[in-house]
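Enquirer: no letters, just coordinates:
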């Protein structure tokens, strides 16, 4: 059958997400960009300028009889590349690398073209191809996935007096959601009301489920902690993104409490495992362990 490569279009979002869902169980974790992570990125407000500038159209799709079999894409900026392919089509890796070098590179301040592939360390095929093309693995640049089963018992954590845990409510909570994310990620002062659209934009993602986006609020009804979850019924896997705590409420165990409540709710939906792109001590304390590590493979491209 003929395999054709083309550029991404805006209405390909769902098809790419479903492709990632379909291959998630065919590879070991780390070989595939998690479907929920793709959705989170595409609907992140910071990505809007890239969409408006047409940068997403530089993503490459490979199709056979109208079905996606491979995708070459970035996460939040050009120059950082992920190659996702159905294992039966891994022979496309060489072509995908060439496509990425021609379409997904970053231009540095000095005018040089640079590219960085994120490669699971167990993907020997892709590592060998990149090494042959002159790429260098940088062990100081890496990302991990950690996971735990939520079929097992979850910790029973006590909420400090005066605080309340619940799930987010669309529209009604937009202002408070914006505020806890602003403060929780250490931005100074208060968020600009003009950025209120940010909350609505993220919550417009097809897979966004307010019932598993957990907040902790204080007596003044301000949110002081947030733990976001995304759930895929096909793989029975949940993904955590984002997590933050207001600076005035840290070291009280609130992130652990919000995460545990989210995991409990995901389990009720049918989730068996939960993943996070982190190996921070917070997750280790909740029973997570590392299941994959991906290193960056770097190269300066010639003109």
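Expert: Alright, I've got the coordinates. Please read all numbers here as calculations on a predicted model, not as lab measurements.

Enquirer: for the residue lying closest to residue 263 once chain neighbours are set aside, give me the pLDDT.
Expert: Nearest residue to residue 263 in three dimensions, chain neighbours excluded: residue 150, at 4.8 Å (CB to CB, 6 or more residues apart in numbering). Heads up, the C-betas are built off the backbone N, CA and C, glycines and all. Note for residue 150: predicted pLDDT of 96.

Enquirer: begin at 24, not 1, for the rest of this chat.
Expert: That works, and once the first residue is 24, the last one we named lands at residue 173.

Enquirer: phi first, then psi, for residue 173.
Expert: Backbone torsions of residue 173, given as degrees, to the nearest 10, read phi -110, psi 10.

Enquirer: is it true that it touches residue 290?
Expert: Yes. Using CB atoms under 8 Å, residue 173 is in contact with residue 290, at 4.7 Å.

Enquirer: if you count what's nearby, which of these two comes out ahead?
Expert: residue 173 (23 against 19; other CB atoms under 10 Å).

Enquirer: now the more buried one: how far from residue 283?
Expert: Plainly put, residue 173 is 10 Å away from residue 283 if you go by CB to CB, to the nearest Å.

Enquirer: residue contacts, the residue nearest to residue 286?
Expert: Contacts here follow CB atoms under 8 Å, 6 or more residues apart in numbering; on that basis residue 173 touches 261, 286, 287, 289, 290, 294, 295, 296, 297.

Enquirer: quick one: which of those is nearest residue 203?
Expert: Distance to residue 203 across those (CB to CB) is lowest for residue 286, with 19.5 Å.

Enquirer: for the closest residue to residue 66 other than its chain neighbours, which three-state class applies?
Expert: Among residues not flanking residue 66 along the chain, residue 228 sits closest, at 3.8 Å (CB to CB, 6+ apart). Under DSSP: H, G, I helix; E, B strand; the rest coil, the three-state class of residue 228 is coil.

Enquirer: swap in residue 188?
Expert: Once three-state DSSP is applied, residue 188 turns out strand.

Enquirer: and it, what are its bridge partners?
Expert: residue 239 (DSSP bridges).

Enquirer: I figured it hits residue 237, correct?
Expert: Yes. Under the criterion of CB under 8 Å, residue 188 makes contact with residue 237 at 6.5 Å.

Enquirer: residue contacts, residue 275?
Expert: residue 183.

Enquirer: that one and residue 181: what is the separation?
Expert: 11 Å.

Enquirer: cool, and residue 101?
Expert: To residue 181, residue 101 is 46 Å away according to CB to CB.

Enquirer: before we move on, back to that, from the contacts of residue 173, which land in strands?
Expert: 261, 296, 297 (DSSP state E).

Enquirer: what's the neighbour count on the closest residue to the last one other than its chain neighbours?
Expert: I take that to be residue 297. Spatial nearest neighbour of residue 297, chain neighbours left out: residue 261 (4.2 Å); criterion: CB to CB, 6+ apart. The tally of other residues near residue 261 (other CB under 10 Å) stands at 26.
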